[in-house]
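*Asks:* could you look at this predicted model? Sequence included:
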Amino acid sequence: MKELLSEIKQCTVCAQHLDLGPRPVVSGHIDSKIIIIGQAPGTKVHASGVPWDDASGKQLRKWLGVSDEDFYDAKKFAIVPMGFCYPGKGKSGDLPPRPECAPLWHDSLLAKMPNVKSIILIGIYAQQYYLKKSAKKTLTETVKNYENYLPNYFVLPHPSPRNRFWLTKNPWFDQEVLPKFRETIDSILSK
């Protein structure tokens with residue numbers, strides 16, 4: 001696993017497409033219990049090199065009900081984004097994750113983590129890639145039907161502050177999905 005992570009962190013496959021250059025951000029351990037698959041690092045994470053080291057990460061840890069210490073314990077959580085590097089700025093936020101990363105690295109990474117009990121798919125890019133045809137037409141529909149993907153996957157919207165409107169518009173997420181999500185996480189981490 002260490003060799004694979006080292007190889008990924010030196011990846012320059014899509015360097016010519018990255019405004020800030022390559023800086024792959026990924027973590028994992030052979031004993032990881034949960035894999036978090038999100039979109040791609042933002043500028044703050046690109047600068048620090050620490051996954052989810054931003055407002056979105058703070059919200060995600062709140063949803064998970066875990067401390068920073070637990071979250072950054074690779075034996076508990078592997079963090080494997082769809083795109084390992086900051087993809088650049090788009091018209092209404094960051095660009096989508098680079099399409100090279102997941103096909104190039106994900107299978108090798110997941111194969112090195114035989115003790116994984118659940119994979120958390122955050123946002124539409126991760127959900128479409130992993131759920132394929134079983135993903136619903138919209139992120140909202142996919143998250144509403146989260147039970148269809150258990151126990152292998154837990155689907156979530158992105159915890160970005162930009163999604164405040166979505167969270168306000170969909171109170172069922174806080175009321176129904178998050179309690180089941182926390183229960184699932186607690187159950188996995190307590191074993």
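*Replies:* Received it, and whenever you're ready, just let me know what you need. Numbering: from 1, shown residues only.
*Asks:* all contacts plus neighbour counts: C-alpha atoms, from now on.
*Replies:* Noted.
*Asks:* quick check: buried residues in the helix or strand where residue 188 lies?
*Replies:* Taking DSSP states H and E as the definition, one finds residue 188 inside helix 178-189. Residues of helix 178-189 classed as buried under the neighbour-count rule (16 or more other Cα atoms under 10 Å) are 178, 181-182, 184-185.
*Asks:* with stretch 67-81 instead?
*Replies:* Within stretch 67-81, the residues that count as buried by 16+ other Cα under 10 Å are 71-72, 74-81.
*Asks:* how far does stretch 176-191 sit from the chain's center?
*Replies:* Centroid separation for stretch 176-191 versus its chain: 17 Å, with Cα atoms, centre = their mean, to the nearest Å.
*Asks:* cool, stretch 61-77 as well?
*Replies:* Relative to the chain's own centre, stretch 61-77 is displaced by 13 Å; criterion: Cα atoms, centre = their mean.
*Asks:* what's the answer for stretch 5-25, then?
*Replies:* Offset of stretch 5-25 from its chain centre (Cα atoms, centre = their mean): 18 Å.
*Asks:* same question, stretch 147-161
*Replies:* Remark: stretch 147-161 is offset 10 Å from the chain centroid, using Cα atoms, centre = their mean.
*Asks:* distance between the ends of that stretch?
*Replies:* 25 Å (Cα to Cα, to the nearest Å).
*Asks:* how about that stretch, which residues are buried there?
*Replies:* Across stretch 147-161, burial judged by 16+ other Cα under 10 Å covers 153-159.
*Asks:* show me the contact partners of that stretch.
*Replies:* Here stretch 147-161 makes contact (Cα atoms under 8 Å, 6 or more residues apart in numbering) with 38, 55-57, 59-60, 117-124, 127, 139-140, 142-143, 146, 181.
*Asks:* hmm, back to that, between all of the buried residues of stretch 67-81, which two are separated the most?
*Replies:* The span of the buried residues of stretch 67-81, defined through Cα to Cα, is set by 75 and 81 at 17.0 Å.
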